[in-house]
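**Q** My questions concern the predicted model and sequence given below.
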Amino acid sequence: MKKNVIAEKSKTFALRIVKMYQYLTAEKKEFILSRQVLKSGTSIGANVREAIRGQTRADFYAKLNISLKEASETEYWLELLYESGYIDKVQFDSIYTDCQEIISILVSITKTQKNDI
């Protein structure tokens, strides 16, 4: 079976987000921003998975666009968590870089797919 880079990266990222959520709620007692980043950060991979199983090219494109929007939202919540002091620079840089990489991949895929619809 062919390796799907965005599916793998988005799932790995979701697992990192889950661990970050656990850390934020247990150690920092932060429940609002962490819940938001949990929802958007895990939704990226879920929508990628739906896109892969899409019935049409248009369906595939629509689901990947949702993934891209969720990734952008996640980027925002990560910025807020860092700027409010809930995560430090090392934690932020690591996960933020992964998020930006996912965004870049999704932008590339959606641009290509838009031309094929």
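**A** Thanks, I have it.
**Q** Do a quick rundown of the strands in the chain.
**A** Using DSSP state E, no strands are found in the chain.
**Q** Where does pLDDT dip in it?
**A** For the chain, the stretches flagged by pLDDT under 70 are 1, 117.
**Q** Please repeat the previous calculation with a cut-off of 50.
**A** Applying pLDDT under 50 to the chain flags no residue at all.
**Q** how much space between Gln22 and Tyr96?
**A** Distance, Gln22 to Tyr96, by CB to CB, to the nearest Å: 19 Å. All C-beta spots, glycine's among them, are computed from the backbone N, C-alpha and C.
**Q** more neighbours, those two?
**A** Tyr96 (18 against 12; other CB atoms under 10 Å).
**Q** Asp59 versus the more buried one, what's the distance?
**A** 30 Å.
**Q** who touches the closest residue to Leu64 other than its chain neighbours in this structure?
**A** The shortest distance from Leu64 to any non-neighbouring residue, by CB to CB, 6 or more residues apart in numbering, is to Ala51 (4.8 Å). Contacts for Ala51 were tallied using CB atoms under 8 Å, 6 or more residues apart in numbering; they are 59-64, 67.
**Q** same deal with Gln36?
**A** So Gln36 contacts 73, 77 (CB under 8 Å, 6+ apart).
**Q** can you rerun that using 7 Å?
**A** Residues in contact with Gln36 (CB atoms under 7 Å, 6 or more residues apart in numbering) are Trp77.
**Q** surely Ile102 meets Thr12?
**A** No: using CB atoms under 7 Å, Ile102 and Thr12 do not qualify as a contacting pair, with a distance of 9.6 Å.
**Q** How many residues are close by the residue nearest to Glu70 when sequence neighbours are not counted?
**A** Closest residue in space to Glu70, ignoring its immediate chain neighbours: Ser43 at 4.3 Å, by CB to CB, 6+ apart. By the measure other CB under 10 Å, the count of residues near Ser43 is 20.
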